Each structure stands twice: as C-alpha cells, then as structure tokens.
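Participant: Provided below for reference: sequence and predicted model.
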Amino acid sequence: MSLASEISLRRTFAIVSHPDAGKTTLTEKFLWYGKVIREAGHVRAKANRSYTVSDWMKIEQQRGISVSSSVLNFPFEGCYFNLVDTPGHQDFCEDTYRALTAVDAALVLIDSVNGVERQTIKLMDVCRMRKTPIITFINKMDLDGRDILELLDEIESVLQIQTCPFTLPIGYGKSFKGVYCIADNTFHMFNKEEGKQEILQLNVDDPKLVELCGEEYIKEFKGRYDVVTQAMEPFDKEKYLAGKQSPVFFGSAVNNFGVRQLLNAFANISPPPMPRESDIRLVQPEENKFSAFVFKIQANMDPKHRDRTAFLRICSGSFERGNKVLHCRTGREIRLAAPTSFLAQDKEVIDKAYAGDIVGINDPGLFNIGDTFTEGEKFKFAGIPDFAPEFFARVTLLNPLKSKQMGKGLTQLSEEGATQLFSALSSALPVIGVVGELQFDVLKHRLENEYGAEVHLDKIPVFCARWLSGDNKKQEEFAKEYKGDCMHDKHGNLVCLFPNEYRLNLAVKNYSELEFSAVNAQ
Ligand code: G4P
C-alpha cells in the first residue's frame, strides 16, 4: 500500500467528557469492536480487580480517578484508530489540553441526564481554539434523561457549536426503544441483550414502527424528526471539518448500543491526519520524510522497570523500527530502537508506523514535551501550549541525605510536564507550581515512592504569577526590590509571585518598561 493510502486510513482522536459520563465504558466497547479485547466487560472486570485499563499509577487507584492519559491503538473496518485518552479530573486538565494537540478529531461525550457539564465546557474551549472537528455522543439513553431537543439546544448555546443529529432516539429511560438513523431510514432496536439489537429498514411513516414502539413514542419521535429534518441545517462536511457543526448520535455505552454507528462515523467522516504548522513551514502528512513531536512524557508505566515513555504524534511520513532520527532541540541523532503501540498496559513493539499514529518510545531522560523529531530538517512543531501554574509550594526535604534523589525527582517530574520547577532568589528551597492542587499530592507520592525522597510542601498564598521580560537592567532592579517574591523558571526567566492585586498593580505601574505576562514566556 502506498504511503498516502496508509496515512488516509489513520483516525486519531480523543474523548472529551466530564467524569462519570461513561468514557471508560465507551472506550471498552471501542476496544471490543476493534477486537483487541475478547469480551466487553474486560476493562470493568479489571477495574473490579482494582485497576482499569488506563490506570497506571497507584494514586489513581487510591483515589479512583484517572490521572494520566493513555493511548490506545485499535483497528476498525480497515481503519487504524489512535484513541488518546484524557484524564477526567480537572486538576489534570493540562495533560488533557496537551492530548488535544495530538489529535485530528474529538468525541464529545454527554450524559443524557446531566447535560453539558463543567469539564466538557472547558475542554471544548480548547477544541474550539484548535478548530477540532467534533462528533457528539449522548450517552445513557436507557435512563430518564433530559428532553433531547433541550439537550441539543444546550449543546449549541453552551458549547457554541451547531448540532446535526444523525440519529434520533425513540422513547427514553425504561421505555427506550432504540434510535432511528435519519440518513438511511433504519430503526436500530434497543435490546439490553447483546446480539439482539436488530436493525430494520423502515420509513418514518411505516406502521411497523408504531407496532414496535407504541403510538405515544412514535408521535413524540415524529415531532422531533420534523424539527430536525425541516428546521435544522443538514450535515455539511466542510462545517464539520472546520469545527463549526457536530454530528450527534444517541446511545447507551454500557449496553453497547449506538457504539458501532459512532465508530462508523469516525471511519467515514472524520479527517485523516491533517497538515501541521511548524516554526518554518506547514508540514504535510504525506511528505516522504518522517517528523513527529512529543506531547506527553510518562514515567512508570511498568512499575517493575523504572522507565519513562515519550509519546510521539507522527506528523509526516513513516518510520521503521531501528531508524535514526534527528532530535531537533539537541541536534542529536536518536535510534528509535523499540517504538511501541499501546493497548493500555500491554505494550507491543511495532515495526512500522505512519503519520497520524501515536507511538511510545523509551525516553532515557533526554526528551521534553514539545520536542520535534525529523529525518534531518531542523524545525519545531508549533502549538504545544505551556500553562501558567496557579498553585505554588516550597519543597522541604524531610531526610537531608536524600537531597540528590529529590533533585532528580523534581527535575524528572517537571520534564513530564505535570509540575513546573522554580528556584527562588531568596531561598535555597525549590518551588513547584501546578495547575491543579491534586498534582501536589501526586508529586509528594511519587517523590516518596519512586525516588525515596519524603518531602513537606508549604503552599505559598499567591494571587497570581507573572513572567517578566524586557530590559535586562530593569529586570535586575526589579529582582532586587522583589527578591522575596521572585524566582527563576527552568529556562532562567524571571517570575514573580504576587500575593495580592495591589502589589501586582503597583509593580506594573512602577516598572512600566517591563512586560508582565501571565503565560510562560519561553
Ligand atoms: P467515566 O470514565 O467517564 O468517568 O465513566 P465510566 O465509564 O466509569 O461510567 C460511569 C458510570 O456510568 C458507571 O457506573 C457506568 O457503568 C455508567 N454508565 C456508562 N454508560 C452508561 C449507560 O449507557 N447507561 C447507564 N445507565 N449507565 C452507564 P458506576 O456505577 O459508576 O460503575 P459500575 O459499577 O457500573 O462499574
């Protein structure tokens, strides 16, 4: 198969949802359809044995949350899917934002009972910024959920995207009868028993529909059908690809209902790998030469071996196992000795991968998030955001003999991107910054368990952090005056932690020659 054909079969997407909407359940069904797990229920069964497919870290099990993103590769109907999982907990949203930079499309999963929830709104903002094409799945139709026209209206107004239902439910809750597929006039009958979910070719006016579903539900359905087909805009692929219109599907993940339709939609209408901007030019996926960037670094996927994996999104060309590539930031040549694909905890060494694919490579401690790899050309892929931490703490080591271990741990964990490390001007104690407070707990836990360094974290009350730039002399002057609040980030940039708005305004007024930036100005 030609390079272009291989690439055109790739679909790389992420699921965006609020915790509990059913992402784990849906992922499990995807894997079942991809025939990479033998029985649906596998992931859940594992969960009952105290871990789930995407739970790698002990802390996740203790708290019952998904802390780190995982990547799953699976085939479906001739396509190759790369599903970039995203942590649901809001304190790890940074990781999720970064995961969204590695995909070409997203699935927005909405709970039919709760409607659009907070975390989904936040993540949708990132999708909108990146103009990511979105498909929506309204889950838990087997429960007494909200009125579906109301739900569609809420998606349109809150998530600011036009909706275009591809299917419509008939009945809901205990009386959920199934979904009607508008494009091909088929009725997909709901049955909790797998394998008994029949698909019937039936026109909306076919009396058999009334026979199967009951007059009351068909009347209600027809009302919605008329609204959708007469008053709503029909599907427009251009609009979908521009992130302006979202096809909507209804179903029930736990009952494996409506999931195949969803995967078919990804196979049929979702974009194959898209071109990507770099600092010098637009990189096309079909280019012969390989290029990729690191969007995630994760340690301890296998607790038995102290390892660190860098996740690469391949942006152009292909590579074969053993190929040498250029690590653009350091100029070093790296051999991709054992690139892996993932089925969560099960890694598999692969021989070949193409643009669109997400693979893991062993990171000997060399790589950073955002690093670009190429076959020789020097450039850097754009668009890997850096987030300004909102919470800060001073780190005190409890056993002074472990200072080397703590230093190593703090550096490595900051390279993974979950925390940012700073050195204060007025004290030898390192300062860490995080986007969500839960990351403090993770840091403490990991320093202790992985590096043997027990630490105490002293939270610093901060109104906001500002990166300073501008005239060097003025910066020095500023650093002298605000020494107690100033620190350097890992690039040596000056950062000031302001305890209140008054101090910030005063500094901005007195140092008008300097720029005070809320984002990391690296
Ligand atoms: P998450 O990863 O998005 O956090 O959600 P997850 O899949 O863990 O699902 C959250 C809960 O919602 C689970 O119930 C799951 O069984 C349930 N769920 C998922 N899809 C559906 C659906 O279509 N209908 C109904 N009625 N429930 C659904 P739980 O009680 O928290 O866990 P469990 O005891 O089922 O494992």
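Facilitator: It's in. Numbering: from 1, shown residues only.
Participant: which parts of the chain sit against the ligand?
Facilitator: Residues of the chain that fall close to the ligand, judged by C-beta under 6 Å from any ligand atom: 17, 19-25, 44, 88, 139-140, 142-143, 252-255. In short, each C-beta sits where N, CA and C put it, glycine included.
Participant: could you pull out the strands for the stretch 251-400 of the chain?
Facilitator: Per DSSP state E, counting those that start in this stretch, the stretch 251-400 of the chain carries strands over the ranges 276-277, 282-283, 291-299, 308-316, 318-320, 324-327, 332-335, 340-343, 346-349, 352-354, 358-362, 372-374, 391-397.
Participant: reformat the ones you listed as CSV; add mean pLDDT and mean neighbour count.
Facilitator: Formatted as CSV, the strands of the stretch 251-400 of the chain follow (pLDDT from 0 to 100; neighbours: other C-beta atoms under 10 Å):
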stretch, mean pLDDT, mean neighbour count
strand 276-277, 93, 16
strand 282-283, 96, 14
strand 291-299, 88, 25
strand 308-316, 90, 25
strand 318-320, 89, 18
strand 324-327, 95, 18
strand 332-335, 92, 12
strand 340-343, 67, 20
strand 346-349, 67, 12
strand 352-354, 90, 21
strand 358-362, 87, 22
strand 372-374, 96, 24
strand 391-397, 95, 19
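Participant: out of the ones you listed, nearest to residue 127?
Facilitator: Nearest to residue 127, of all those, is strand 291-299, at 15.3 Å by C-beta to C-beta.
Participant: please pick the buried ones from the residues of the chain next to the ligand.
Facilitator: Among those, the ones that count as buried by 16 or more other C-beta atoms under 10 Å are 17, 19, 21-25, 88, 139-140, 142, 252-255.
Participant: strands - which of those residues land there?
Facilitator: Judged by DSSP state E, those include 17, 139 as members of strands.
Participant: the buried ones among the residues of the chain next to the ligand in helices, which ones?
Facilitator: 23, 24, 25 (DSSP state H).
Participant: now these in CSV, with pLDDT?
Facilitator: Listed next are these as CSV, based on pLDDT from 0 to 100:
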residue, pLDDT
23, 89
24, 84
25, 88
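Participant: so what's whichever residue of the stretch 101-250 of the chain sits closest to the ligand up against?
Facilitator: Nearest to the ligand, among the residues of the stretch 101-250 of the chain, is residue 140, at 3.9 Å (C-beta to the nearest ligand atom). For residue 140, the contacting residues are 22, 111, 112, 113, 252, 253, 254, by C-beta atoms under 8 Å, 6 or more residues apart in numbering.
Participant: apply 6 Å and report the result again.
Facilitator: 111, 112 (C-beta atoms under 6 Å, 6 or more residues apart in numbering).
Participant: lowest confidence element among the helices and strands of this structure?
Facilitator: Of all helical and strand segments in the chain, the minimum by mean pLDDT, DSSP states H and E falls on helix 42-48, at a mean of 38.
Participant: looking at the protein, which residue reaches furthest from the middle?
Facilitator: The C-alpha centroid of the chain is most remote from residue 207, which lies 44.9 Å away (C-alpha atoms, centre = their mean).
Participant: any idea how far that residue lies from residue 357?
Facilitator: 49 Å (C-beta to C-beta, to the nearest Å).
Participant: repeat that for residue 96.
Facilitator: 20 Å.
Participant: more neighbours, the two?
Facilitator: Shown here are residue 96 and residue 357; by other C-beta atoms under 10 Å, residue 357 has more neighbours (25 against 22).
Participant: which residues touch the nearest residue to the more buried one once chain neighbours are set aside?
Facilitator: The shortest distance from residue 357 to any non-neighbouring residue, by C-beta to C-beta, 6 or more residues apart in numbering, is to residue 314 (5.1 Å). Going by C-beta under 6 Å, 6+ apart, residue 314 touches 292, 353, 355, 357.
Participant: partners of residue 314 in the sheet?
Facilitator: residue 292 (DSSP bridges).
Participant: how long is stretch 267-276 end to end?
Facilitator: Criterion C-alpha to C-alpha, to the nearest Å; first-to-last residue distance in stretch 267-276 is 21 Å.
Participant: in the stretch 151-300 of the chain, which spans are helices?
Facilitator: Ranges of helices in the stretch 151-300 of the chain, per DSSP state H, counting those that start in this stretch, are 207-213, 215-226, 237-241, 259-269.
Participant: does residue 375 really touch residue 291, like I thought?
Facilitator: No - Residue 375 lies out of contact with residue 291 (C-beta atoms under 6 Å); the separation is 7.3 Å.
Participant: would you say residue 146 is within a helix?
Facilitator: No - Residue 146 sits outside any helix when classified using DSSP: H, G, I helix; E, B strand; the rest coil, being coil.
Participant: for it, which non-adjacent residue is spatially closest?
Facilitator: Using C-beta to C-beta, 6+ apart, the nearest residue to residue 146 is residue 115, at 5.6 Å.
Participant: tell me how many other residues crowd that neighbour.
Facilitator: Other residues close to residue 115 by other C-beta under 10 Å number 17.
Participant: over to residue 487?
Facilitator: Around residue 487 there are 23 residues (other C-beta under 10 Å).
Participant: residues contacting it?
Facilitator: Here residue 487 is in contact with 422, 423, 424, 431, 495 (C-beta under 6 Å, 6+ apart).
Participant: that one bridge partners, please.
Facilitator: Assessed by DSSP bridges, residue 487 has beta-bridge partners residue 424, residue 495.
Participant: Provide the secondary structure category for residue 27.
Facilitator: Residue 27 is classified as helix under three-state DSSP.
Participant: and the gap between it and residue 263?
Facilitator: In terms of C-beta to C-beta, residue 27 sits 12 Å off from residue 263.
Participant: ok, now residue 289?
Facilitator: 32 Å.
Participant: my guess is residue 395 contacts residue 454. True?
Facilitator: No - the pair residue 395 / residue 454 is not scored as a contact, 10.9 Å apart, by C-beta under 6 Å.
Participant: shared neighbours of these two, anything?
Facilitator: With C-beta under 6 Å, 6+ apart, residue 395 and residue 454 have no common neighbours.
Participant: quick check, pLDDT for the residue of the stretch 101-250 of the chain closest to the ligand.
Facilitator: On the pLDDT scale, residue 140 is placed at 96.
Participant: ditto for residue 477
Facilitator: In this model, residue 477 carries a pLDDT of 96.
Participant: how about the contacts made by residue 33?
Facilitator: Residues counted as contacts of residue 33 (C-beta under 6 Å, 6+ apart) are 76, 263.
Participant: just residue 16 next, same as before
Facilitator: If you count contacts by C-beta under 6 Å, 6+ apart, then residue 16 has 106, 108, 123 around it.
Participant: now those in a markdown table, with pLDDT, neighbour count and distance to residue 418?
Facilitator: Formatted as a markdown table, these follow (pLDDT from 0 to 100; neighbours: other C-beta atoms under 10 Å; distance: C-beta to C-beta, whole Å):
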| residue | pLDDT | neighbour count | distance to residue 418 |
| --- | --- | --- | --- |
| 106 | 96 | 28 | 22 |
| 108 | 96 | 25 | 25 |
| 123 | 83 | 26 | 18 |
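Participant: in strands, which of those appear?
Facilitator: 106, 108.
Participant: near the residue of the stretch 351-500 of the chain found nearest the ligand, how many other residues are there?
Facilitator: At 15.6 Å from the ligand, residue 438 is the closest residue in the stretch 351-500 of the chain, using C-beta to the nearest ligand atom. A count of neighbours around residue 438, defined by other C-beta under 10 Å, yields 18.
Participant: can you pull the contacts of residue 478?
Facilitator: residue 511.
Participant: got it, and residue 372?
Facilitator: 293, 328, 380, 381.
Participant: for these, which one is nearest residue 512?
Facilitator: residue 380 (32.4 Å).
Participant: so what's that closest one scoring on pLDDT?
Facilitator: Reported pLDDT for residue 380: 93.
Participant: number the residues from 141 up from this point.
Facilitator: Yep, numbering from 141; the last one is residue 520 now.
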